[in-house]
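**Q** structure for this input, please:
(chains A, B, C and D)
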Protein chains: 2
Amino acid sequence: MTRVLVIEDNFDLAYGLRNNLEIEGYEVEVAEDGTAGLSRAIGWLPDLVILDLTLPGLDGFRVLKALRERGGRMPVLILTARDAEADKVRGLKLGADDYVTKPFGVLELLARVEALLRRGAALVPVGKTTLRFGEVVIHSGTRVVERRGAAVSLAPKELDLLLALWERQGSVVSRSELMREVWGYQTDVLSRTVDTHIAELRRKLEADASRPVHILTVRKAGYRLAL
Amino acid sequence: MTRVLVIEDNFDLAYGLRNNLEIEGYEVEVAEDGTAGLSRAIGWLPDLVILDLTLPGLDGFRVLKALRERGGRMPVLILTARDAEADKVRGLKLGADDYVTKPFGVLELLARVEALLRRGAALVPVGKTTLRFGEVVIHSGTRVVERRGAAVSLAPKELDLLLALWERQGSVVSRSELMREVWGYQTDVLSRTVDTHIAELRRKLEADASRPVHILTVRKAGYRLAL
DNA sequence: GTGTGATGTCAGGAATGCGTCAGGGCGGAG
DNA sequence: CTCCGCCCTGACGCATTCCTGACATCACAC
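**A** I've put the predicted structure just below:
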């Protein structure tokens, strides 16, 4: 899901925005000061940031500058009451992608968000996506997996196996298909190799490994990943 | 040279824009009606289009729609007197990248143009900016690196390697990709070359080289730089 | 309930990938 | 020429990962 970070200290505005964005289908987080916003932008790696300029702590310009210096390349939309041309120019030169002044129309803002993401999506190379099922998030670009926000360490084969299941999410994948996709073999499966790795995944990702909710067994057929 | 097409029927405005854009170093063409604008956009393939909505002949919305339908993907900035939110939303949904209403500040417009082009211009260029991660600052223009304010001396290959990781910051970069990008080879990696340089970087930049926080190993996949 | 085949579990040894190191080639500076 | 930094390489050891077969357990058909 596309992720949007709102850095805005005005409570009503921030949560109004969140609602509207969530209705559009985005996943939204709100940070209420500059420092928190910056660290969320770096840590959470949203697909887009909506940034107020007048913030407690680190002001918006500093957040933007620090974000860009640290390599954050997601589009940033500045949303602020400061409508002086000099501020707009400064914000855009610092690396903002759009600049909207309050008061603003919600529909316009949403349309601008969409436009920024549309262009961003065209440029982002494939594979940078974050996948998820249940309370598990898979950052396929970094090969980092987390459950309930805590990083989980998966062995390479385990992650490959998980991704193979993800690709066919919902439908059953047989052991021999998994063998072929993950191991490259084309062989009948007589050992417990696949099962062992599945068990390890369950241990690491399911709340109760003995009663899996997402990594399901389909008897006589294979396994399937339920979202 | 970066090319900008201005589709605008108001003569004074069009040529004023042209002057300002040319001063900024862009190559500019002006089209004075929708039909001509569309054919120039398709034929000349500018890097960016500034589009008025109220045009003789084909109106701006139609120009935009036709342009996108024919595969024109360059950013389009709509510049118009129509400031109704519905128009803005419509323009943006049709595939415009920005929407500026008259009257506008020239500096703001130029900054927006720059912002649109910046994003389009492949996010590659690690310019002369100062980059940073953790407590490390990289002055990539001067190739000087410091940690906690103290200068660190990196060998050329080490800096190249660090920058290659930086460019994909966050994502995993495989050894063979690093080999290709830093060494120019295209070869399977069988020696410990990359690893050795990574180790050296860790020794110089990590607080505890044996427990790296930023220059991370992703087993079986490569390395990645965490901010 | 019982039987049967499929799946879960486990432990240990094999295999693999990575960090480390020392050695040597190379080239520029003194 | 000699020194010194830079770079590459292969050998080695360690930690993790992987695989396997034996056994336990489960699900389903009868």
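
**Q** C-alpha coordinates for stretch A:49-66, CSV please?
**A** The C-alpha trace of stretch A:49-66 is given here as CSV (Å, rounded to 0.1, in the frame of the first residue of the first chain):
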residue,chain,number,x,y,z
VAL,A,49,5.7,13.3,2.7
ILE,A,50,3.3,16.2,3.4
LEU,A,51,5.3,18.7,5.3
ASP,A,52,4.2,21.8,7.2
LEU,A,53,6.8,24.5,7.5
THR,A,54,5.9,25.9,10.9
LEU,A,55,6.7,23.2,13.3
PRO,A,56,7.8,22.9,16.8
GLY,A,57,11.3,21.6,17.1
LEU,A,58,13.0,21.4,13.8
ASP,A,59,11.3,23.7,11.3
GLY,A,60,10.0,22.4,8.0
PHE,A,61,12.9,23.7,5.9
ARG,A,62,15.4,22.0,8.1
VAL,A,63,13.5,18.8,8.0
LEU,A,64,13.4,18.9,4.2
LYS,A,65,17.1,19.7,4.0
ALA,A,66,18.1,17.0,6.4
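
**Q** now that stretch: how far from the chain's centre is it?
**A** Distance of stretch A:49-66 from its chain centroid, counting by C-alpha atoms, centre = their mean, to the nearest Å, is 21 Å.

**Q** over to stretch A:202-210?
**A** The answer for stretch A:202-210 is 23 Å, by C-alpha atoms, centre = their mean.

**Q** buried stuff in it?
**A** A:202, A:204-206 (16 or more other C-beta atoms under 10 Å in any protein chain shown). Backbone N, C-alpha and C define where each C-beta goes, glycine included.

**Q** what does stretch A:84-94 give?
**A** Buried residues in stretch A:84-94, counted by 16+ other C-beta under 10 Å: A:87-92, A:94.

**Q** using CSV, lay out those residues together with secondary structure.
**A** Shown next, in CSV, are the buried residues of stretch A:84-94 (DSSP: H, G, I helix; E, B strand; the rest coil):
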residue, secondary structure
A:87, helix
A:88, helix
A:89, helix
A:90, helix
A:91, helix
A:92, helix
A:94, coil
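
**Q** of those, which are in range of DNA strand D?
**A** Applying C-beta under 7 Å from any atom of the strand, the subset of the buried residues of stretch A:84-94 adjacent to DNA strand D is empty.

**Q** between those, which is nearest DNA strand D?
**A** Closest to DNA strand D out of those is residue A:94 (33.7 Å), distances taken as C-beta to the nearest atom of the strand.

**Q** ok, the closest one - contacts?
**A** Neighbour list for residue A:94: A:61, A:64-65, A:68 [criterion: C-beta atoms under 8 Å, 6 or more residues apart in numbering or on different chains].

**Q** also within reach of chain B: list those from those.
**A** residue A:68 (C-beta under 8 Å from any C-beta of the partner chain).

**Q** adding secondary structure, write the contacts of residue A:94 out as JSON lines.
**A** Converted to JSON lines, the contacts of residue A:94 look like this (three-state DSSP):
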{"residue": "A:61", "secondary structure": "helix"}
{"residue": "A:64", "secondary structure": "helix"}
{"residue": "A:65", "secondary structure": "helix"}
{"residue": "A:68", "secondary structure": "helix"}
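
**Q** looking at the contacts of residue A:94, which is nearest DNA strand D?
**A** residue A:68 (28.3 Å).

**Q** what angle sits between the longest helix along chain A and helix B:106-120?
**A** Counting by DSSP state H, the longest helix found in chain A is helix A:106-123. Put simply, helix A:106-123 runs at 40 degrees to helix B:106-120, going by axes from the mean of the first three to the mean of the last three C-alpha atoms, to 10 degrees.

**Q** how about helix A:106-123: buried residues?
**A** For helix A:106-123, a neighbour-count test (16+ other C-beta under 10 Å) marks A:108-117, A:119-120 as buried.

**Q** helices or strands up against that helix?
**A** If contacts are counted by 3 or more C-beta pairs under 8 Å, 6 or more residues apart in numbering or on different chains; DSSP states H and E, helix A:106-123 sits against helix A:11-23, strand A:48-51, strand A:76-80, strand A:98-101, helix B:85-93, strand B:98-101, helix B:106-120.

**Q** next, the angle from that helix to helix B:85-93.
**A** Using the same axes, to 10 degrees: helix A:106-123 against helix B:85-93 is 10 degrees.

**Q** tell me, how many residues neighbour the closest residue to residue A:182 other than its chain neighbours?
**A** Leaving out its chain neighbours, the residue that sits closest to residue A:182 by C-beta to C-beta, 6 or more residues apart in numbering or on different chains is residue A:160, at 4.8 Å. Residue A:160 has 19 neighbours, counted by other C-beta atoms under 10 Å in any protein chain shown.

**Q** work out for me the element residue A:160 sits within.
**A** helix A:156-167 (DSSP states H and E).

**Q** which elements pack onto the next helix or strand after that helix?
**A** Per DSSP H and E, the first helix or strand lying C-terminal to helix A:156-167 is helix A:175-178. When contacts are defined as 3+ C-beta pairs under 8 Å, 6+ apart, helix A:175-178 sits against helix A:156-167, strand A:222-225.

**Q** can you give me how far the longest one is from the chain middle?
**A** The chain centre lies 18 Å from the centre of helix A:156-167; the measure is C-alpha atoms, centre = their mean.

**Q** which of the residues in that helix are classified as buried?
**A** Going by neighbour count (16+ other C-beta under 10 Å), the buried part of helix A:156-167 is A:157-166.

**Q** residue ranges in chain A under the pLDDT threshold?
**A** Residue ranges of chain A with pLDDT under 70: A:120-129, A:186-189.
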